[in-house]
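Colleague: Structural data only, the sequence is not supplied:
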C-alpha cells in the first residue's frame, strides 16, 4: 500500500479507536464526552494524570487491554509520519546525489577511453 494511503488509514483508524474508546467510557463509566476523550488521550499518550479512573469492572477490564492497542497505534502513526517526512525530503536529495555520481562515473569512463585511445591502447 502506498505510504500516503497508509498514513490516511492510520489517521482514520486512530480517530475511530479514540472515538470508540471515548464512547465506551462515556457509556460504561457515565463520564461526559469531554472527560471520556480526555481520559482516552491521556491513556494512549501514556500521560495518565490519575484524576480519572474507571470504577466499573467493565471499564477496568477494557482499560487493561485498550492501552496496548492505543499505544501501538500511536507508535505506528509516528513511524509513518517519519517515513513520510523522510521520503518527501531526503529521498529527492538522495536521487539528485545518485544522478551526480552516475554522471561522474560515466564521464570518468569516457575520459579513460579517450586517454587509452590517444595512447594507442
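Modeller: Received, thanks. What you are looking at is a predicted structure, and each value in this text was computed from that prediction instead of being measured.

Colleague: My read is that residue 87 contacts residue 3, right?
Modeller: Yes: in this structure residue 87 lies within contact range of residue 3 using Cβ atoms under 8 Å: 6.3 Å. Using the backbone N, CA and C atoms, a C-beta is placed for each residue, glycine as well.

Colleague: next one: the biggest helix by length in the chain to chain centre, how far?
Modeller: Identified as the longest helix of the chain according to DSSP state H is helix 57-119. Distance of helix 57-119 from its chain centroid, counting by Cα atoms, centre = their mean, to the nearest Å, is 14 Å.

Colleague: try stretch 55-64
Modeller: That offset, for stretch 55-64, works out to 28 Å (Cα atoms, centre = their mean).

Colleague: Name the residues of it that come out as buried.
Modeller: By neighbour count on 16 or more other Cβ atoms under 10 Å, the buried set for stretch 55-64 is 59, 62, 63.

Colleague: Among those residues, which one lies nearest to residue 8?
Modeller: Using Cβ to Cβ, residue 62 comes nearest to residue 8 of the buried residues of stretch 55-64, at 27.1 Å.

Colleague: Neighbours of residue 67, how many?
Modeller: 18 (other Cβ atoms under 10 Å).

Colleague: actually residue 70, not the one I typed
Modeller: The burial count for residue 70: 20, using other Cβ under 10 Å.

Colleague: Now do the contacts for it.
Modeller: Residue 70 makes contacts with 17, 18, 21, 40, 43, 44, as judged by Cβ atoms under 8 Å, 6 or more residues apart in numbering.

Colleague: pLDDT at residue 28, what is it?
Modeller: pLDDT for residue 28: 96.

Colleague: That one and residue 53: what is the separation?
Modeller: Residue 28 sits 13 Å away from residue 53, going by Cβ to Cβ, to the nearest Å.

Colleague: Kindly report the same for residue 29.
Modeller: According to Cβ to Cβ, residue 29 and residue 53 sit 9 Å apart.

Colleague: out of these two, which sits in the more crowded spot?
Modeller: Neighbours were tallied for residue 29 and for residue 53 using other Cβ under 10 Å; the higher tally belongs to residue 29 (20 against 11).
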